[in-house]
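Engineer: give me the fold of what follows.
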Amino acid sequence: QQSGRKFNLFLKRRLRIDKRHQSKDSIFFRDGVRRIDFVLSYVDDLNKEWEKKLERRKEFESNLQKAGLELETEDKKESEDGKIFFVKIHAPWEVLITYAEVLNIKVPIKENDIPSTVENPLDCVLFPLRLPEKVMHPEPDYFTAPFSKDKQELYLINDESTFFSPSMRNRIVNYILTRCPYGTEEGKKKFGIKRLLNNGTYTAAYPLHDCQYWKKANDPNCDSERYTLYMEWARFLRFYKEQPLDLIRKYYGEKIGIYFAWLGFYTEMLFLAAVVGLICFLYGLFTMDENMSSKEICDPAIGGEIIMCPLCDRECEYWRLNTTCESSQYSHLFDNVATLFFAIFMGIWVTLFLEFWKRRQARLKYEWDLVDFEEEQQQLQLRPEYEAKCTQKKRNPVTQEMEPYLPLTSQAVRFCISGATVLFWVSLIIASMIAVIVYRLAVYAAFASLMENTQTLQPISGLLTPQLATSVTASCLNFVIIMILNFFYERIAIWITDMEIPRTHMEYENRLTMKMFLFQFVNYYSSCFYVAFFKGKFVGYPGAYTYMFNRWRNEECDPAGCLIELTTQLTIVMAGKQIWGNIQEAIVPWICNWWGRRKARNNPENLYSRWEQDHDLQTFGALGLFYEYLEMVIQFGFITLFVASFPLAPLLALMNNILEIRVDSWKLTTQYRRPVAAKAHSIGVWQEILNGMAILSVVTNAFIVAFTSDMIPRLVYYYAYSESEDSPMSGYINNSLSVFLISDFPARNEPKENPESFVICRYRDYRYPPGHERKYLHTMQFWHILAAKLAFIIIMEHVVFIVKFFVAWMIPDVPADVKAKIKREKYLTQKILHEYELEKLKERLCQGDKRATEKEFIATEGRMELSRAM
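Structural biologist: Here you go, the predicted model:
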């Protein structure tokens with residue numbers, strides 16, 4: 001039987017090879033002339049809705065043909081699994097020019113004659129980083145103008161089949177697909193490919209890649225741009241090379257092009273921050289042995305003689321200060337004078353990054369013909385879902401046409417439900433953070449007891465203190481909770497945004513962006529905010545500790561400060577997110593594609609068609625870029641909001657981004673179907689989010705330096721309380737620890753055992769000792785330090801903000817040469833258009849057209865003169 005099946009399969013393949021001699025790895029119809037601009041696929045499953053789906057498809061495809069598109073269907077017998085039908089779509093010239101005018105697509109009218117900028121003197125040094133000119137600039141630079149069917153002679157149309165690029169063609173076809181009707185159901189007119197995909201009428205809709213990524217196409221008419229992108233951009237070994245942004249834009253469209261331009265620019269700017277951060281870290285490393293605080297803590301005669309009060313009630317024992325020797329030494333790596341410098345530097349770096357990006361963006365807008373592209377063009381294009389769900393209509397004041405609208409009452413109800421859902425999930429994050437805090441408080445005693453009584457842990461007890469063990473495990477638990485909440489909230493956010501029925505695609509993206517960012521902000525940063533600004537700040541003192549829910553005693557910081565714990569928290573969450581993100585982005589799609597293609601690999605190439613190869617790839621989706629931006633903006637928050645605690649954060653981000661660029665390019669080129677091209681002239685609402693985070697980062701870093709690090713107390717001691725001129729910082733540890741009389745412990749707090757019969761213990765605070773008339777109240781030094789902290793925050797914020805605003809004012813958003821080029825191009829374009837109109841008018845006059853009056857001729861000539869004068 002098995003040999004019989006193999007023989008039948010051989011016959012079937014043989015018949016298919018005989019039927020079609022040419023390879024099916026082609027992007028053209030069977031005639032080899034008409035290009036495939038889009039592909040629809042469906043499975044002819046005989047279930048209860050089979051007839052309804054068949055009727056929808058017939059109506060939809062019939063309407064596509066009425067709109068001028070040409071279709072060609074591949075029978076399921078021709079597909080790999082014998083189940084899938086493929087409908088290939090071609091847009092003829094007449095359709096392309098009609099919708100190019102509707103979409104206001106700019107096309108070439110004359111080759112650009114503006115001389116290129118002066119060559120960079122560093123070009124010879126940067127030559128190893130450059131790509132070949134043909135890859136960087138795949139086509140000449142042209143002056144462009146919006147397409148008009150009435151002025152076809154004006155444009156540089158050498159070949160109608162290649163005049164519109166494949167990305168323009170698939171954008172036009174997608175526009176038709178999203179608006180094409182397919183019938184009336186339940187008294188409502190239904191239309192759009194998205195609905196047909198949602199209800200299972202079609203299984204996929206996608207434009208084709210132009211070739212396989214690992215080799216060029218056999219067809220000489222194919223540019224094999226996918227192969228070029230893979231070889232020159234998507235391979236990790238090219239990580240040091242510049243990105244071919246013009247080719248990315250040409251192949252994938254401006255929206256994806258602008259993302260990679262931003263990501264590349266962000267990575268370049270991170271290099272400076274990473275170098276400065278590394279220098280600050282090395283400063284801490286080289287001065288670690290000179291740190292007087294850790295010397296005193298580690299000294300058996302000082303730290304070894306200081307008995308500290310127990311860190312938990314009843315179960316914990318008294319402990320000697322020098323047991324935290326190693327952790328105090330490591331905390332100096334991040335808590336030193338360089339921390340202050342780096343915090344101020346990063347406040348200025350953020351401004352430079354945002355301002356220089358505006359300039360880079362302005363240059364791209366000019367080079368990519370997006371100067372006149374306004375979001376209003378997108379705002380006029382309603383979402384098909386909005387048109388389908390809104391049954392009421394009113395007149396648009398701009399277009400004066402009747403269009404659907406959502407009543408105000410319906411909007412209010414939907415917004416209330418949406419807002420309540422977001423608040424519920426944010427509350428859930430806060431509740432989970434409180435649960436992690438309770439975990440920290442509850443397990444600390446267990447870690448302290450375990451490390452005290454377990455002999456195998458004694459060798460590392462100096463490095464792995466109960467505080468650090470609690471912090472590390474709590475950070476890992478927090479990261480797991482973050483990932484779980486993210487998984488569920490992403491789906492909830494999309495559901496409530498769909499429920500709001502936004503009017504346009506831009507509105508939809510902006511609303512979803514704000515919901516997702518608010519959630520992610522609270523989710524990722526709440527634990528860092530807790531360690532930075534709350535942990536160890538509301539502890540009380542022995543005998544009068546503060547408790548959470550009147551049960552769990554609040555955490556104390558390490559005697560060397562809380563900054564090392566903030567560093568631990570930041571490193572685990574940031575590094576964990578980056579590693580998990582890369583696994584999700586690269587490995588998961590690869591496994592899915594490998595599983596989907598496992599049968600096709602055994603077949604000859606001429607039976608595995610281009611549309612089937614792309615069908616087996618993953619879908620990039622309308623929100624694909626949204627998640628990429630969100631990932632990078634969350635990372636941006638880590639390296640700006642809390643950078644004072646971890647100078648190596650920009651270096652980690654730089655290494656991740658070098659990998660991120662190649663992972664994103666690799667998965668887009670090799671693992672995903674080709675996305676539909678879309679226009680965008682900026683990074684959109686993300687720019688405002690970055691601006692907001694840049695301002696907030698100045699405040700958070702000022703508070704971290706003041707309240708989380710130990711810098712201000714050390715400076716106050718150095719200038720006001722030091723008793724030694726030779727070594728001003730000696731005695732600081734003793735000065736920063738207050739004295740408590742053990743006999744004053746209430747029964748709730750007193751340890752079960754005191755084997756060495758200690759009389760006093762020390763704790764981290766500035767309070768009067770027992771026997772003083774103001775016993776256990778804050779000393780004057782405490783108020784001096786608090787005043788110094790508040791003064792530092794005000795001074796640092798004002799200095800950084802003044803420098804930020806001055807730098808922003810000094811750097812113009814649009815480079816002077818770009819402004820000049822824009823004006824020059826507008827002038828020349830207007831001149832060409834006017835000359836064209838004048839020539840047409842002369843022809844009409846010569847042909848005796850009575851409508852072409854002499855006054856019209858004079859008016860046209862006068863307009864040209866006015867344009868020249870302007």
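
Engineer: and the pLDDT for residue 599?
Structural biologist: pLDDT for residue 599: 54.

Engineer: whoops, residue 397 was the one
Structural biologist: For residue 397, the pLDDT comes out at 74.

Engineer: now it: how far from residue 410?
Structural biologist: With distances defined as C-beta to C-beta, to the nearest Å, the gap from residue 397 to residue 410 amounts to 21 Å. (Each C-beta comes from the backbone N, C-alpha and C, glycine too.)

Engineer: when those two are compared, which one has more neighbours?
Structural biologist: The residue with more neighbours, out of residue 397 and residue 410 and counting by other C-beta atoms under 10 Å, is residue 410; that gives 14 against 6.

Engineer: got phi/psi on that one?
Structural biologist: The phi and psi values for residue 410, taken as degrees, to the nearest 10, are phi -60, psi -40.

Engineer: separation between it and residue 553?
Structural biologist: Counting by C-beta to C-beta - residue 410 and residue 553 are separated by 51 Å.

Engineer: burial of residue 286, as a residue count?
Structural biologist: Applying other C-beta under 10 Å, we find 9 residues neighbouring residue 286.

Engineer: please read the previous query as pertaining to residue 747.
Structural biologist: The number of residues packed around residue 747, counting by other C-beta under 10 Å, is 7.

Engineer: could you look up the SS state of it?
Structural biologist: At residue 747, secondary structure determined by DSSP: H, G, I helix; E, B strand; the rest coil is coil.

Engineer: now residue 402: closest residue in space, sequence neighbours ignored.
Structural biologist: Nearest in space to residue 402, with sequence neighbours left out and distances taken as C-beta to C-beta, 6 or more residues apart in numbering, is residue 393 at 4.8 Å.

Engineer: which SS state does residue 654 fall under?
Structural biologist: Following three-state DSSP, residue 654 is assigned to helix.

Engineer: burial of it, as a residue count?
Structural biologist: Look at residue 654: counted by other C-beta under 10 Å, it has 23 neighbours.

Engineer: confidence score at it?
Structural biologist: Residue 654 is assigned 94 on the pLDDT scale.

Engineer: ditto for residue 51
Structural biologist: pLDDT at residue 51 comes out at 84.

Engineer: apart from its chain neighbours, what residue comes closest to the most centrally placed residue in the chain?
Structural biologist: The centroid of the chain falls nearest to residue 629 when counting by C-alpha atoms, centre = their mean (1.9 Å). With C-beta to C-beta, 6+ apart as the criterion, residue 629 has its nearest non-adjacent residue at 5.2 Å, and that residue is residue 686.

Engineer: okay, and that neighbour sits in which element?
Structural biologist: With elements taken from DSSP states H and E, the one containing residue 686 is helix 685-703.

Engineer: ok, now residue 345?
Structural biologist: In the assignment (DSSP H and E), residue 345 maps to helix 337-367.

Engineer: show me the helices in the stretch 501-650 of the chain, by range?
Structural biologist: Taking DSSP state H, counting those that start in this stretch, the helices of the stretch 501-650 of the chain run over residues 505-533, 563-582, 588-596, 610-615, 624-641, 649-666.

Engineer: least confident of these, on average?
Structural biologist: When I compare these, helix 588-596 is least confident, with a mean of 79.

Engineer: quick check: domain ranges of this structure?
Structural biologist: The chain breaks down by the TED database into domains covering 713-810, 816-869.

Engineer: residue 355: which of those domains is closest?
Structural biologist: Taking C-beta to C-beta as the criterion, domain 713-810 is the member of the domains of the chain that comes nearest to residue 355, at 5.5 Å.

Engineer: how about the helix holding residue 686: buried residues?
Structural biologist: If you call a residue buried by 16 or more other C-beta atoms under 10 Å, then helix 685-703 has these buried ones: 685-686, 689-690, 693-694, 697-703.

Engineer: any chance of the residues you listed in JSON lines, plus distance to residue 389 and pLDDT?
Structural biologist: As requested, the buried residues of helix 685-703 are arranged in JSON lines below (distance: C-beta to C-beta, whole Å; pLDDT from 0 to 100):
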{"residue": "685", "distance to residue 389": "24", "pLDDT": "87"}
{"residue": "686", "distance to residue 389": "28", "pLDDT": "91"}
{"residue": "689", "distance to residue 389": "29", "pLDDT": "92"}
{"residue": "690", "distance to residue 389": "33", "pLDDT": "93"}
{"residue": "693", "distance to residue 389": "35", "pLDDT": "92"}
{"residue": "694", "distance to residue 389": "38", "pLDDT": "92"}
{"residue": "697", "distance to residue 389": "41", "pLDDT": "92"}
{"residue": "698", "distance to residue 389": "44", "pLDDT": "91"}
{"residue": "699", "distance to residue 389": "42", "pLDDT": "92"}
{"residue": "700", "distance to residue 389": "42", "pLDDT": "92"}
{"residue": "701", "distance to residue 389": "46", "pLDDT": "91"}
{"residue": "702", "distance to residue 389": "48", "pLDDT": "92"}
{"residue": "703", "distance to residue 389": "46", "pLDDT": "91"}
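
Engineer: ok, the residues you listed vs residue 247, which is closest?
Structural biologist: Closest to residue 247 out of the buried residues of helix 685-703 is residue 686 (23.7 Å), distances taken as C-beta to C-beta.

Engineer: most tightly surrounded among the domains of the chain?
Structural biologist: Comparing those by mean neighbour count (mean count of other C-beta atoms under 10 Å), domain 713-810 comes out on top with a mean of 15.

Engineer: mean confidence for it?
Structural biologist: In this model, domain 713-810 has a mean pLDDT of 90.

Engineer: quick one: terminal-to-terminal distance for it?
Structural biologist: The straight-line separation of the ends of domain 713-810 (C-alpha to C-alpha, to the nearest Å) is 37 Å.

Engineer: give me the distance from that domain to the chain's centre.
Structural biologist: Remark: domain 713-810 is offset 41 Å from the chain centroid, using C-alpha atoms, centre = their mean, to the nearest Å.
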